[in-house]
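>>> requesting a structural model of the entry that follows:
(chains A and B)
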Amino acid sequence: MSSNRQASAASPWRAPILFAALAVLFLLEGTVRNGLFSGSWNTALAILNMGLISAITALGVNMQWGYAGLFNTGVVGFLAIGGLAPVLVSLPPVQGAWDAGGPRLIGALLAGLGTLALAKIVYTRTGRIWAMALVLLAGLVAYRWLFDPAVLAIEANDSARTGNIGGLGLPVLLSWIVGGAFAAAAAWGVGKVALGLRSDYLAIATLGIGEIIVAVLRNENWLARGVMNVTSIPRPVPYEIDLQQNPAFVDFAARWGFGAAEASGIWVKLCYMSLFLVVLLGIILLAELALKSPWGRMMRAIRDNETAAEAMGKDVTARHLQIFVLGSAVIGIAGAMMITLDGLMAPNSYNPLRYTFLIWVMVIVGGSGNNWGSVLGAVLIWFLWIKAEVWGPNLIGALVGPLPEGDIKAHLLGSAPHMRFIAMGLVLLLVLRFAPRGLVPER
Amino acid sequence: MDILNALVAFLNFVFIPAAAYGAQLALGALGVTLIYAILRFSNFAHGDTMAFGTAITILVTWGLQSWGVSLGPLPTALLALPVGIAATAALVLGTDRAVYRFYRAQRAAPIIFVMASVGVMFVMNGLTRLLIGVDEYRFDDGARFIIAVRDFREWSGLAEGLALRSTQALTLVVTVIVCAALFWFLNRTKSGKAMRAYSDNEDLALLSGIDPERVVRLTWIIAAGLATIAGTLYGLDKSFKAFNYFQILLPIFAAAIVGGLGNPVGAIAGGFLVAFSEVAVTYPWVKVAGYLFPGWQPGGLLQLLGTEYKFAVSFVILIVVLLFRPTGLFRGKSV
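This is a model prediction of the structure:
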């Protein structure tokens, strides 16, 4: 990668100016109402909150790509498995679900993991593939024997309202850490297999694990109700309706010149924003400290010249696995935060173009290898992605305005939303070619 | 024990669908593996190249149908195919000129090419959506069946029926013709030999006066042709939906890696291996078992995995190959 980084150093004022420009965009979105901006603080803050979550995801991807040159195409899967955590940790327990099949289910999962471990041991000890295959077959039978009845029992339990294993009823903030742990475990499994081989293999293997995790969430109803979705996930912040009924809050809003309904929405979003900012800044602080430590210098040395680093006695594959797991954990945290913000787990919404490749555009545009660049890229691209939904049709509408009414005009107007994909692809290609170090280059 | 009925059920539900699907994957994997052999990167845009070529073919098919042109029992899409291939070839040659050539001149790392192919994937995905939208389309016309279930039952007197859809037979025939032509081209013509030489040893090929840009152009044209044919056959057999072509990328990569990236014979073998495993693992075997062991009442459907998890099969095959033989069954390149 060293071959196509820009040679010249960037001005130290570059990042602050770009962040200020971004802030102006959000101020305009909040205050000005015209064809470009909505003039609503609720919209502006909603975009910003999702932008901050994208920023945390981008930080995770940046650790993998910017620090180590690993290409993870399964971001959507790690986000999704992180999103499972709020469902399993913070939802109230489902009456009777645990008695119906809980221990048996845990037994099945342990049997599955035990089989894999045993197969590995058998293979390394004896070196015989047929012995390993036998272990795997026996393990599969045992797993299905334990798993199938447990799942049937759990899904039959109050299937109209729940039908899943339910949560632990713990605080939702705890689930953010658990989400990171889930994603880290999945990443360890993939990384263990695909790292150390040629670089595109990791890209292809992560593409697979991403699709599989989303397929599991979609189809395993006992886990998170599959496509029936889980709603009303507990919140770490107050509810709008409670605020509107609180006279003190209504007074407070009136003093600032807002109606109670609008103010409650803004207040809730500001609470979320502060939480997200704390997580974001915490992760950046840890990442920057790590980067400036001997460990960080080693990671960059490995990225810039693997052979030389190996000659110095560094275990490149093990370090790659480490950074891959760490980056995925950050993505998992972002996934849990996203589900908390939405209050809804809807597996069908996990689209790889939106959640994997758009994140990649953010990282590349922002500046790979630079944490602040990733944050800037994420919030900026997310803002443009959302606004392109409004601007695209407006623009096309203005362009085709003089055309006579007919099929072609209708087709062009109807296809305006698809222009975002072309635009994002072009942005990625242009930045990759003409400014491979992005908006805020690595120092 | 009723072996004949069991065999017919196996042919009808496993063998024929898997063979057709395998042929489609093989054609897709051939494109991926050729690009890998010459340009040395995994092309993430290949699925969307297939979708684009198919979309053009469908649009031309609709045009032909509205003029009343048809091929009788064969689908009209076959007539439209050359136009689709030409348009797709023009598009990929354009992207090579605009995107990949720059990195080739720079001798950038393979992962940069992969990243660029993601950008191309976005653009092609958008183009396909722009052209034809995100809905599902069926565009097969002509005869539906070569062997219909009822005719077969009446002819054979068996309880189990056998159906051979014309799109499945067409897929197999076209795949055989395309593969034969491709191997003839690679082994017998001067350009094909130049391609193989370039793939084996780039520097030596340059030394013997082979024009690298010509080799690259040829590769893209062949890959575009293979992608459009594979995509159209897949669309005729199942249906066309742009997103499915993104998802088929994983089985195609699995097929190419199983066979050994860069090895055309391996890509074909890999395509069939992935398809047969996928169908065999997700097929409920209870019907076949019922014929073979009439007294036995199995508790379930005898299905190893739900059809929703068919991608898991390609993934597991991929993992097994990566663990035990990273260069693939047929010894591909290991750059």
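>>> so the residue of chain A found nearest chain B, which of the three states?
Residue nearest to chain B within chain A: residue A:425 (2.9 Å; C-beta to the nearest C-beta). Any C-beta I mention is one placed from the backbone N, CA and C, and that applies to glycine too. For residue A:425, the assignment made with DSSP: H, G, I helix; E, B strand; the rest coil gives helix.
>>> can you classify the closest residue to it other than its chain neighbours as helix, strand or coil?
Distances taken as C-beta to C-beta, 6 or more residues apart in numbering or on different chains place residue B:122 nearest to residue A:425, at 2.9 Å, with adjacent residues excluded. Assigned by three-state DSSP, the conformation of residue B:122 is helix.
>>> for residue B:146, same thing?
Residue B:146 ends up strand, using three-state DSSP.
>>> please name the residues that touch it.
B:164-166, B:169 (C-beta atoms under 8 Å, 6 or more residues apart in numbering or on different chains).
>>> mind running it again at 7 Å?
B:164, B:166, B:169 (C-beta atoms under 7 Å, 6 or more residues apart in numbering or on different chains).
>>> hey, where'd the helices end up in the stretch 301-443 of chain A?
With DSSP state H, counting those that start in this stretch as the criterion, the stretch 301-443 of chain A has helices at A:306-311, A:316-342, A:352, A:358-366, A:371-400, A:407-414, A:419-434.
>>> buried set for the fifth one?
It refers to helix A:371-400. A:371-388, A:391-393, A:396, A:400 (16 or more other C-beta atoms under 10 Å in any protein chain shown).
>>> quick revisit: could you dump the helices of the stretch 301-443 of chain A to CSV with distance to residue B:140 and mean pLDDT?
Listed next are these as CSV, based on distance: least, C-beta to C-beta, whole Å; pLDDT from 0 to 100:
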stretch, distance to residue B:140, mean pLDDT
helix A:306-311, 50, 88
helix A:316-342, 40, 94
helix A:352, 28, 87
helix A:358-366, 34, 92
helix A:371-400, 33, 87
helix A:407-414, 24, 74
helix A:419-434, 28, 89
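>>> which one, of those helices, ends up nearest to residue B:28?
helix A:352 (18.1 Å; C-beta to C-beta).
>>> tell me which strands and helices that closest one is in contact with?
Helix A:352 makes packing contacts with no helix or strand when contacts are defined by 3 or more C-beta pairs under 7 Å, 6 or more residues apart in numbering or on different chains; DSSP states H and E.
>>> and that helix, how far out from the chain's middle?
Its chain's average C-alpha position is 11 Å from that of helix A:352, according to C-alpha atoms, centre = their mean, to the nearest Å.
>>> how about stretch A:334-347?
10 Å.
>>> could you list the buried residues of that stretch?
Neighbour-count burial for stretch A:334-347 [16+ other C-beta under 10 Å]: A:334-342, A:345-347.
>>> nearest to residue A:365 among those residues?
residue A:334 (17.9 Å).
>>> residue contacts, the residue lying closest to residue B:143 once chain neighbours are set aside?
Distance criterion C-beta to C-beta, 6+ apart; nearest residue to residue B:143, sequence neighbours excluded, is residue B:73 at 4.1 Å. The contact partners of residue B:73, by C-beta under 7 Å, 6+ apart, come to B:142-143, B:166.
>>> once you drop chain neighbours, what's closest to residue A:222?
Here the residue nearest residue A:222, using C-beta to C-beta, 6+ apart, is residue A:154, at 4.5 Å.
>>> the chain: strands as residue ranges?
You didn't say which chain, so I picked chain A. For chain A, no strands are identified by DSSP state E.
>>> meant chain B actually
Going by DSSP E, chain B shows strands at B:145-147, B:164-165.
>>> same list (the ones you listed) but as JSON lines, adding distance to residue B:280.
Shown next, in JSON lines, are the strands of chain B (distance: least, C-beta to C-beta, whole Å):
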{"stretch": "strand B:145-147", "distance to residue B:280": "22"}
{"stretch": "strand B:164-165", "distance to residue B:280": "19"}
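>>> neighbouring contacts of stretch A:302-317?
For stretch A:302-317, the external contacting residues (C-beta under 7 Å, 6+ apart) are A:1-2, A:67-69, A:195-196, A:298, A:301, A:319.
>>> of the residues you listed, buried ones?
Buried among the contacts of stretch A:302-317 (16+ other C-beta under 10 Å): A:1, A:67-69, A:195-196, A:319.
>>> which of these fall within helices?
Using DSSP state H, residue A:319 are the members of the buried ones among the contacts of stretch A:302-317 that sit in helices.
>>> so among the buried ones among the contacts of stretch A:302-317, where is pLDDT lowest?
Within those, pLDDT reaches its minimum at residue A:1, with 42.
>>> and the helices in the stretch 151-300 of chain B?
B:166-188, B:190-200, B:202-207, B:212-237, B:242-247, B:249-259, B:264-282, B:286-292.
>>> check which residues of the last one are buried.
Across helix B:286-292, burial judged by 16+ other C-beta under 10 Å covers B:287-292.
>>> which one of those is nearest chain A?
residue B:289 (16.0 Å).
>>> that closest one against residue B:303, yeah?
No - between residue B:289 and residue B:303 there is no contact, the gap being 11.2 Å when judged by C-beta atoms under 7 Å.
>>> quick one, what contacts residue B:199?
B:37-38, B:262.
>>> now these as TSV including pLDDT, neighbour count and distance to chain A?
Formatted as TSV, the contacts of residue B:199 follow (pLDDT from 0 to 100; neighbours: other C-beta atoms under 10 Å in any protein chain shown; distance: C-beta to the nearest C-beta, whole Å):
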residue	pLDDT	neighbour count	distance to chain A
B:37	90	21	13
B:38	91	22	15
B:262	86	26	11
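>>> turn these into CSV, including distance to residue A:80.
Shown next, in CSV, are these (distance: C-beta to C-beta, whole Å):
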residue, distance to residue A:80
B:37, 35
B:38, 36
B:262, 33
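>>> can you pull the pLDDT of the residue of the stretch 201-335 of chain B at minimum distance from chain A?
Closest contact between the stretch 201-335 of chain B and chain A, by C-beta to the nearest C-beta, is at residue B:315 (3.8 Å). For residue B:315, the model assigns a pLDDT of 86.
>>> same thing with residue B:331?
69.
>>> count the neighbours of the residue nearest to residue A:343 when sequence neighbours are not counted for me.
Excluding its sequence neighbours, the residue lying closest to residue A:343 (C-beta to C-beta, 6+ apart) is residue A:233, at 5.0 Å. Counted with other C-beta atoms under 10 Å in any protein chain shown, the neighbours of residue A:233 add up to 21.
>>> where's residue A:233 relative to residue A:91, distance?
Using C-beta to C-beta, to the nearest Å, residue A:233 is found at 6 Å from residue A:91.
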